[in-house]
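> Structure here, sequence nowhere to be found:
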């Protein structure tokens, strides 16, 4: 069995979901209530591969809300993630993906130092950030989006915003290897990390955000947190393609211009319906088939019997691993959303 | 918030400790007495219940030593008043032979409350109390929860009474937590953390007994209602 750990996008979203689920007592509560709410297994389902193989999974709602970070309730946020992981392990999930902000919280707050959760010793080999598959899917989306808009990638300028993050650095590695002719712009806040990345890649130009946006044909937006960086269409080159690999995916509402084409980055579509109810609440166009690529990674690891933390730590994603998860992704019927 | 070694001896810490320590001692005493009384309702399980009562008594002695170690005199009057309503509900259910309600109060509410609070306390406890509390928690995890097992075996027959008993007693937990919020905070334990740990423990217990996730969520929400 595999597990998915997810959360809702805002307090308002949480209240409306509680209302839709008929949990009126919860719908009336404010942030304090969610700060003390325990994680719940809110869905159980079977996923089937195009090979015919079936696996069962659970969806755990961690009760984390982004407002906890915004209000600096960091300890609460970390507890939500650890408690959800402990629940996944108690439910005997062999591999569990940390969705949304969960993996970012795990990484940024060094939760690998806090693996004893009451009577549960977390076995981190049973968890994955899913970032390898997300990075792979974003790279496939770059190719597909360029084809759709007749853009020759070899002569294009690609800006990776959030280049030093786990997903961003993997995308940069992939572009450096597969598109050596493309002009790669590295954008991130931490200059030391940028220089380190540039040295590793032997490729790419460290560029300030606005400068990069003004000249990039393709912008890959993979910043890990929305910390005061705002994107507006007037700062972007026209025409340009914008791959929104951040979380939550709100660039299509923030950036509205007829010559800026926004794609939901890191989202896959499965070839077969998955009979889960919970995704109805996540507002995808086709909730029975579309999902975050990180969730799909847990499914792929379960299909393949790779019960290991395939994606873990920061900047450990290799081209070989992206290739390997990509082959599994296609084999089991997942496609990048375009 | 971590309590520094110096603060364990501060007047403010010891003042808060006099009430929290008393609650813990009283809680173990209540548990001891409740298990002995349950022997009368469940004579076939007398031996097991007596052994549980002895365990709770050992825990009480351990926590009494924690207070002595900090030169704190536990405020037992406060603690008895703190448990009064729950105590009353148990005695009233016992008098009517309502074993299901008695087990919900003892094996679910009191036990889950205790384990949750001990788990939150351990990282912020003074070294002496930490060792004692770790031993108690280990004890609690090492035996199956008697009430949970019994209620699970009889789930179909007891479900309705459990729901009523939950409605009657869960709001008390919230009320009790509110009464000690400041004292717990002085010891480094946040109320939201205590509620969360309790709800995890309580929800797991209800789930094991036979309630599904949605029922558990509905039952948990009862805690938010007025007493």
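The structure has been received and is ready for your questions. What you see is a predicted model; the values in this text were computed from it and never measured.
> by contact count, what packs against the lowest-mean-pLDDT helix or strand in chain B?
Across the helices and strands of chain B, mean confidence by mean pLDDT, DSSP states H and E is lowest for helix B:213-221: a mean of 91. On a contact count with 3 or more Cβ pairs under 8 Å, 6 or more residues apart in numbering or on different chains; DSSP states H and E, helix B:213-221 meets helix A:24-27, strand A:40-48, helix B:155-179, helix B:191-209. In short, each C-beta sits where N, CA and C put it, glycine included.
> want to throw the ones you listed into CSV with distance to residue A:183, mean neighbour count and mean pLDDT?
Shown next, in CSV, are these (distance: least, Cβ to Cβ, whole Å; neighbours: other Cβ atoms under 10 Å in any protein chain shown; pLDDT from 0 to 100):
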stretch, distance to residue A:183, mean neighbour count, mean pLDDT
helix A:24-27, 50, 16, 87
strand A:40-48, 40, 18, 94
helix B:155-179, 59, 17, 95
helix B:191-209, 50, 21, 95
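> With distance to residue A:100 added, can I get these in TSV?
Converted to TSV, these look like this (distance: least, Cβ to Cβ, whole Å):
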stretch	distance to residue A:100
helix A:24-27	19
strand A:40-48	14
helix B:155-179	29
helix B:191-209	19
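> Nearest to residue B:93 among these would be which one?
Among these, the nearest to residue B:93 by Cβ to Cβ is helix B:155-179 (7.5 Å).
> which is the next helix or strand following that closest one?
Reading on from helix B:155-179 to the C-terminus, the next helix or strand found by DSSP states H and E is helix B:181-186.
> Quick check: buried residues in the least confident helix or strand of chain B?
The neighbour-count check on helix B:213-221 (16 or more other Cβ atoms under 10 Å in any protein chain shown) flags B:213, B:216-221 as buried.
> gap between that helix and the chain center?
With Cα atoms, centre = their mean, to the nearest Å as the basis, helix B:213-221 stands 20 Å off its chain's centre.
> quick one, what contacts residue A:23?
Shown in contact with residue A:23 (Cβ atoms under 8 Å, 6 or more residues apart in numbering or on different chains): B:217-218, B:221.
> Tell me what angle the lengthiest helix in chain B forms with helix B:155-179.
Criterion DSSP state H: the longest helix present in chain B is helix B:11-41. Interaxial angle, helix B:11-41 versus helix B:155-179 (axes from the mean of the first three to the mean of the last three Cα atoms, to 10 degrees): 160 degrees.
> and the buried residues of helix B:213-221 as JSON lines, adding distance to residue A:300?
Shown next, in JSON lines, are these (distance: Cβ to Cβ, whole Å):
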{"residue": "B:213", "distance to residue A:300": "26"}
{"residue": "B:216", "distance to residue A:300": "31"}
{"residue": "B:217", "distance to residue A:300": "31"}
{"residue": "B:218", "distance to residue A:300": "35"}
{"residue": "B:219", "distance to residue A:300": "37"}
{"residue": "B:220", "distance to residue A:300": "34"}
{"residue": "B:221", "distance to residue A:300": "37"}
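> quick one: contacts of stretch B:12-24?
With Cβ under 8 Å, 6+ apart, stretch B:12-24 has contacts from B:3, B:7, B:63, B:66-67, B:70-76, B:78-79, B:82-83, B:114, B:117, B:180, B:182-184, B:186-187.
> Give the rounded mean pLDDT of it.
Averaging pLDDT along stretch B:12-24 gives 97.
> Pull out the buried positions in it.
Buried, per 16+ other Cβ under 10 Å, within stretch B:12-24: B:13-14, B:16-24.
> Same question for stretch B:83-97.
Burial within stretch B:83-97, assessed by neighbour count using 16+ other Cβ under 10 Å, is assigned to B:83, B:85-87, B:89-90, B:93-94.
> re earlier: of all the buried residues of helix B:213-221, which comes closest to chain A?
Nearest to chain A among the buried residues of helix B:213-221 is residue B:221, at 3.7 Å by Cβ to the nearest Cβ.
> Double-check that closest one against residue A:28; I have them as touching.
No - counting by Cβ atoms under 8 Å, residue B:221 does not reach residue A:28; the two are 10.0 Å apart.
> which bits of the stretch 51-200 of chain A sit near chain B?
Within the stretch 51-200 of chain A, the positions near chain B by Cβ under 8 Å from any Cβ of the partner chain are A:75-76, A:79, A:83, A:87, A:90, A:118-119.
> Kindly tell me how buried residue A:95 is, as a neighbour count.
26 (other Cβ atoms under 10 Å in any protein chain shown).
> check contacts around the spatially most central residue of chain B.
Central residue of chain B (Cα atoms, centre = their mean): residue B:110, 2.9 Å from the mean position. Counting by Cβ under 8 Å, 6+ apart, residue B:110 touches B:27, B:30-31, B:34, B:86.
> Quick one: low-confidence residue ranges for chain A.
By pLDDT under 70, the low-scoring segments of chain A are A:224-229.
> quick one, domains of it?
Here the domain parsing of chain A from automatic domain parsing is A:2-131+A:268-336, A:134-267.
> For residue A:60, which residues are in contact?
Applying Cβ under 8 Å, 6+ apart to residue A:60 gives the contacts A:3-6, A:39-42, A:84, A:87-88, A:91, A:96.
> Can you name the residues that contact the closest residue to residue B:207 other than its chain neighbours?
Closest residue to residue B:207 in three dimensions, ignoring its sequence neighbours and counting by Cβ to Cβ, 6 or more residues apart in numbering or on different chains: residue B:216, at 5.6 Å. For residue B:216, the contact set (Cβ under 8 Å, 6+ apart) comprises A:40, B:203, B:206-207.
> in the stretch 201-338 of chain A, which spans are strands?
For the stretch 201-338 of chain A, strands defined by DSSP state E, counting those that start in this stretch occupy the ranges A:205-206, A:218-221, A:240-244, A:260-264, A:267-270, A:290-292, A:334-336.
> do you know which of those lies nearest chain B?
For those, proximity to chain B was assessed by Cβ to the nearest Cβ; strand A:290-292 is nearest, at 20.9 Å.
> Pull up the pairing partners for the closest one, direction included.
Here strand A:290-292 is paired, per DSSP bridges, with strand A:267-270 (antiparallel).
> doesn't residue B:73 fall inside a helix?
No - using DSSP: H, G, I helix; E, B strand; the rest coil, the assignment for residue B:73 is coil, not a helix.
> Could you report the neighbour count for it?
When neighbours are counted by other Cβ under 10 Å, residue B:73 registers 11.
> What sits closest to it if chain neighbours are left out?
Leaving aside its chain neighbours, residue B:73 sits nearest to residue B:18 (6.2 Å; criterion: Cβ to Cβ, 6+ apart).
> So residue A:81 is in contact with residue A:62, correct?
Yes - using Cβ under 8 Å, residue A:81 is in contact with residue A:62, at 6.3 Å.
> shared neighbours of those two, anything?
Joint contacts of residue A:81 and residue A:62 (Cβ under 8 Å, 6+ apart) are A:5, A:102.
> Among those two, which residue is more densely surrounded?
residue A:62 (29 against 24).
> and that one, what does it touch?
Residues near residue A:62 by Cβ under 8 Å, 6+ apart: A:5-7, A:39, A:80-81, A:83-84, A:102.
> Could you say which of these is surrounded by the most neighbours?
Compared across those, residue A:5 has the highest neighbour count, 31 neighbours, by other Cβ under 10 Å.
> tally of neighbours for residue A:52?
Residue A:52 has 6 neighbouring residues, counting by other Cβ under 10 Å.
> got the contact list for it?
With Cβ under 8 Å, 6+ apart, residue A:52 has no contacts at all.
> element containing it?
Judged by DSSP H and E, residue A:52 forms part of no helix or strand.
> same thing with the one 5 residues further on?
Using DSSP H and E, residue A:57 maps to strand A:54-61.
> what angle do that strand and strand A:40-48 make?
160 degrees.
> Show me how far strand A:54-61 is from its chain's centre.
On Cα atoms, centre = their mean, the centre of strand A:54-61 falls 18 Å from that of its chain.
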